[in-house]
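> Model the following, please.
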Amino acid sequence: MGRTAAIILAAGKGSRMGSQIHKQYLELKGKPMLYFALRAFESSSIDDIILVTGPGEVDYCQKEIVDAYGITKVRTIIEGGKERYHSVYEGLRSIVDCESVLIHDGARPCITTKVIEEALAGARTYKACVVGMPVKDTIKVSDDRGYAAVTPDRNSLWLIQTPQAFEYQLVWKAYERLLSSESYQTGITDDAMVVETMTQEKVKLIRGDYANIKVTTPEDMEIAKVLLNRIYGNE
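This next block holds a predicted model:
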């Protein structure tokens, strides 16, 4: 099998967290949140990690996280762009000799090696896949006045997570096309959407883990602490 890579995105500001510190560097269990995502990929079969940071944060991540905690698979640390898709593009552009690539949000610290390996297997089998979970709640679609307009069938709805996993050439070509025109970029929210809209490839949904939450608000920090204790115990 060819080489594999993971792009870990840590370029967000986390404005909803209400902190002067970017959320990926806030401490969980005495370590920066970003450490836990890096640790999971370090423990997986992934060959190379590309870490994408915010402006001026490369040295900090290298010294205070990668070097400090002995993360050996990080091959390069680069600055991201204005939007998430710009950061992903920079990450993809920095990869050399890769068959499959996983793209993961650094603000999802509760990712496990098991989910990573299943996503990687999905990329090899389906060319494009994302991890997620069936929604538990009823979903309402509102009209422009804030009234409930549609209630979709819950059985067909998934809560999408990361990592999102792809054959490298497929996602690279999709992102090249996306960046070729601003008209393509409106409303893009994740990597699967880029592949869905820029290519003819279908994206397979595979089960992830309800614990694989994205930390967005202070309340999420408390939940993440509990979940990380379940995964890592008292380490």
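> bridging residues for residue 207?
Beta-bridge partners for residue 207, by DSSP bridges, are residue 132.
> what residues are up against it?
Under the criterion of C-beta atoms under 8 Å, 6 or more residues apart in numbering, the neighbours of residue 207 are 118, 131, 132, 133. (Each C-beta comes from the backbone N, C-alpha and C, glycine too.)
> Can you read off the pLDDT for it?
On pLDDT, residue 207 comes in at 97.
> Please renumber the chain so that the first residue is 2 from this point on.
Will do, 2 is the new start, and the previous item becomes residue 208.
> Dihedrals phi and psi, the most centrally placed residue in the chain?
Most central residue of the chain, judged by C-alpha distance to the mean C-alpha position with C-alpha atoms, centre = their mean, is residue 105 at 2.2 Å. Backbone geometry at residue 105, expressed as degrees, to the nearest 10, gives phi -130, psi 140.
> Let me see the contact set for it.
Contacts were defined as C-beta under 8 Å, 6+ apart; by that measure residue 105 touches 7, 8, 9, 10, 38, 42, 112, 163, 164, 165.
> The longest strand seen in the chain: which residues count as buried?
Counting residues, the longest strand found in the chain (DSSP state E) is strand 159-168. Buried residues in strand 159-168, counting neighbours by 16 or more other C-beta atoms under 10 Å, are found at 160, 161, 162, 163, 164, 165, 166, 167, 168.
> and what of stretch 203-212?
Using 16+ other C-beta under 10 Å as the test for burial, stretch 203-212 gives 204, 206, 207, 209, 210, 212.
> how about the contacts of residue 105 in CSV, adding distance to residue 218?
Below are the contacts of residue 105 laid out as CSV (distance: C-beta to C-beta, whole Å):
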residue, distance to residue 218
7, 26
8, 25
9, 21
10, 18
38, 18
42, 25
112, 19
163, 18
164, 22
165, 23
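> Show me the residues you listed that map onto strands.
For those, secondary structure assignment (DSSP E) places 7, 8, 9, 10, 163, 164, 165 in strands.
> about what we covered before: how far away is the residue nearest to the centre of the chain from residue 50?
Using C-beta to C-beta, to the nearest Å, residue 105 is found at 10 Å from residue 50.
> three-state assignment of residue 171?
The three-state label given to residue 171 by DSSP: H, G, I helix; E, B strand; the rest coil is helix.
> Also residue 224?
Per three-state DSSP, the secondary structure class of residue 224 is helix.
> if we can go back for a sec, of the contacts of residue 208, just say which sits nearest to residue 182.
Proximity of these to residue 182, judged by C-beta to C-beta, is greatest for residue 133, which lies at 28.6 Å.
> Read off the pLDDT value for the closest one.
For residue 133, pLDDT reads 98.
> again, but for residue 51
The pLDDT attached to residue 51 in the predicted structure is 98.
> other SSEs contacting the longest strand of the chain?
Other helices and strands packing on strand 159-168, by 3 or more C-beta pairs under 8 Å, 6 or more residues apart in numbering; DSSP states H and E, are strand 101-106, helix 114-127, strand 129-135, helix 192-199.
> The same query, at a cut-off of 6 Å, please.
Applying 3 or more C-beta pairs under 6 Å, 6 or more residues apart in numbering; DSSP states H and E, one finds that strand 159-168 makes contact with strand 101-106, helix 114-127, strand 129-135.
> Pick the most deeply packed of the ones you listed.
strand 101-106 (a mean of 26; mean count of other C-beta atoms under 10 Å).
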